[in-house]
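Undergrad: structure, please.
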Amino acid sequence: MTRPVRVGIIGGGLMGREVASALSRWFVLDQYPVPAELVAVCDVAEKQREWFRQVHGVQLITEDHGALLDRGDIDVVYVAVPHHLHEAIYLDVLRSGKDLLAEKPFGIDLKAARTVREAAQRSGRFVRCSSEFPYFPGAQRAYQLASAGGLGKLLEIRAGFHHSSDLDPTKPANWKRQVLTCGAIGVMGDLGIHAVHIPFRLGWYPRRVYAQLQKIYHERPDGKGGMAPCDTWDNALLHTDVVIDGAEVPMRLELKRLAPGETNTWFLEVLGTDGGVKYSTKAPKTLWTFQRGREQSWQRTDLGFHGVFPTITGGIFEPGFPDCILQMWAAFMAERGGVLRERFGCVTPEEAVRSHELFAAALQSHAEKRAVEVPDP
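TA: Next up is the predicted model:
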């Protein structure tokens with residue numbers, strides 16, 4: 001039997017737990033060629049470490065990420081920590097000789113992202129960045145339709161990610177609300193890679209951006225009876241130009257922490273002269289497609305459970321976030337093992353850096369109230 005890929009997690013918060021859950025359900029993947037298991041966890045908070053003591057197979061639970069990296073039997077490390085810690089810990093992982101699945105945005109800013117990318121290239125290690133939502137079956141169908149080129153001349157593209165949890169002004173401040181720990185790009189760093197993953201994979205890189213950025217709440221409760229400043233961007237609208245088949249096509253990216261009525265909605269819309277496709281996780285089974293005809297109509301397709309990688313789950317059931325994160329990890333392991341083939345892979349370091357280049361241009365655009373060129377890929 002093939003030896004399992006042994007995984008360590010640095011950062012035992014929400015996403016660390018979701019990864020533990022995905023790896024614990026690895027047997028759901030049907031005839032998948034790469035076994036994997038979670039063997040070590042690191043978090044500086046005892047409360048977070050305590051949760052992992054119930055997870056079968058975990059051999060090391062520590063507050064010292066150096067102790068985790070010193071283990072010679074760990075192959076892959078997943079890191080989910082605040083953005084200002086990305087660069088230092090990602091570089092530590094690479095220096096330890098282990099492969100890395102990094103969390104977005106792959107460094108607190110463009111400089112950090114470039115540093116990590118270059119270190120990854122020098123190390124020769126396999127490095128990818130997390131982005132789960134394109135692994136919904138509907139998102140994959142939208143990607144396949146867009147990449148097949150049957151939509152005619154493209155008219156416009158709209159992609160985004162909407163949250164509403166920050167609408168409540170009494171919600172305490174955390175590290176995502178402050179530039180020092182989240183980064184000057186704010187919501188773009190938090191949600192942006194999710195939105196650009198499929199467009200970038202299709203080769204749709206913005207050449208120019210005009211950004212509208214909003215800071216809605218400038219302070220929030222600090223949890224200690226006082227108020228804490230909140231200086232990151234809450235919402236971002238990025239109006240961009242992409243060149244497709246020699247023609248400029250408008251692509252709008254919507255990244256919002258304050259979106260009334262939305263809990264966690266990822267979406268993609270691609271409209272062309274001959275056809276169109278729309279998908280949103282708000283209705284995870286529903287794919288909308290359009291074909292030009294004598295009458296104008298959109299067709300609704302009720303999708304089943306058909307991920308990038310086959311599972312034991314029946315095709316009549318509905319997919320959810322735990323399924324998408326499992327599929328993303330399956331893609332990571334398959335590409336690392338050389339068996340991804342034509343299937344949809346995780347965000348590459350180059351794509352992560354390009355997202356930072358876009359977000360840096362967006363900051364400049366908003367400050368100068370003009371459209372700004374984005375560096376050529």
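Undergrad: can you give me the helices in the stretch 251-377 of the chain?
TA: Taking DSSP state H, counting those that start in this stretch as the criterion, the stretch 251-377 of the chain contains helices spanning 321-336, 349-368.
Undergrad: let me have the ones you listed in TSV, extended by mean neighbour count and mean pLDDT.
TA: Where you see a C-beta, it was placed from the backbone N, CA and C, and this is true even at glycine. Below are the helices of the stretch 251-377 of the chain laid out as TSV (neighbours: other CB atoms under 10 Å; pLDDT from 0 to 100):
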stretch	mean neighbour count	mean pLDDT
helix 321-336	23	97
helix 349-368	22	98
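Undergrad: for those, which one sits closest to residue 85?
TA: For residue 85, the closest of the helices of the stretch 251-377 of the chain is helix 349-368, at 16.1 Å, according to CB to CB.
Undergrad: find the nearest non-adjacent residue to residue 279, please.
TA: Using CB to CB, 6 or more residues apart in numbering and skipping the chain neighbours, the partner closest in space to residue 279 is residue 138 (4.1 Å).
Undergrad: residue contacts, the one you found?
TA: With contacts defined as CB atoms under 8 Å, 6 or more residues apart in numbering, the neighbours of residue 138 are 279, 280, 281, 284, 285, 286, 287, 303.
Undergrad: could I get the contacting residues of the closest residue to residue 164 other than its chain neighbours?
TA: Leaving out its chain neighbours, the residue that sits closest to residue 164 by CB to CB, 6+ apart is residue 262, at 4.8 Å. Counting by CB under 8 Å, 6+ apart, residue 262 touches 162, 163, 164, 256, 282.
Undergrad: how about residue 267?
TA: Residue 267 sits next to 158, 159, 160, 161, 162, 278, 279, 280, 281, 282 when contact means CB under 8 Å, 6+ apart.
Undergrad: what about those residues, which one has the most neighbours?
TA: Most neighbours among the contacts of residue 267, by other CB atoms under 10 Å: residue 279, with 27 neighbours.
Undergrad: how about stretch 31-45 as CSV, C-alpha atoms only?
TA: The C-alpha coordinates for stretch 31-45 follow below in CSV (Å, rounded to 0.1, in the frame of the first residue of the first chain):
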residue,chain,number,x,y,z
GLN,A,31,-10.4,5.1,-5.7
TYR,A,32,-8.2,8.1,-5.1
PRO,A,33,-4.5,7.2,-5.6
VAL,A,34,-2.9,9.3,-2.8
PRO,A,35,-3.6,8.5,0.8
ALA,A,36,-3.2,11.3,3.4
GLU,A,37,-3.4,11.7,7.1
LEU,A,38,-3.0,14.4,9.7
VAL,A,39,-0.2,13.7,12.2
ALA,A,40,0.7,17.1,13.9
VAL,A,41,-0.9,20.4,14.9
CYS,A,42,0.6,23.6,16.2
ASP,A,43,-1.3,26.6,17.7
VAL,A,44,-0.2,29.1,20.3
ALA,A,45,-3.5,28.9,22.1
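Undergrad: how close does the residue nearest to residue 24 when sequence neighbours are not counted sit to residue 17?
TA: Among residues not flanking residue 24 along the chain, residue 55 sits closest, at 6.6 Å (CB to CB, 6+ apart). Relative to residue 17, residue 55 is positioned 9 Å away (CB to CB, to the nearest Å).
Undergrad: please apply the same query to residue 170.
TA: In this structure, residue 170 and residue 17 are separated by 25 Å, where distance is defined by CB to CB.
Undergrad: if we can go back for a sec, residue 99 is nearest to which of the helices of the stretch 251-377 of the chain?
TA: Closest to residue 99 of those is helix 321-336 (CB to CB; 6.2 Å).
Undergrad: which residue is nearest the middle of this protein?
TA: With the centre of the chain defined as its mean C-alpha position, the nearest residue by CA atoms, centre = their mean is residue 131, 2.5 Å away.
Undergrad: quick one, what contacts that residue?
TA: With contacts defined as CB under 8 Å, 6+ apart, residue 131 is in contact with 104, 193, 194, 197, 328, 346, 347.
Undergrad: same thing with residue 185?
TA: 105, 109, 192, 233, 356, 359, 360, 362, 363.
Undergrad: got the residues you listed as CSV, with distance to residue 314 columns?
TA: Output for the contacts of residue 185, formatted as CSV (distance: CB to CB, whole Å):
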residue, distance to residue 314
105, 36
109, 45
192, 34
233, 42
356, 40
359, 40
360, 45
362, 43
363, 46
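Undergrad: quick check, nearest of the residues you listed to residue 40?
TA: The closest of those to residue 40 turns out to be residue 105 (CB to CB; 24.9 Å).
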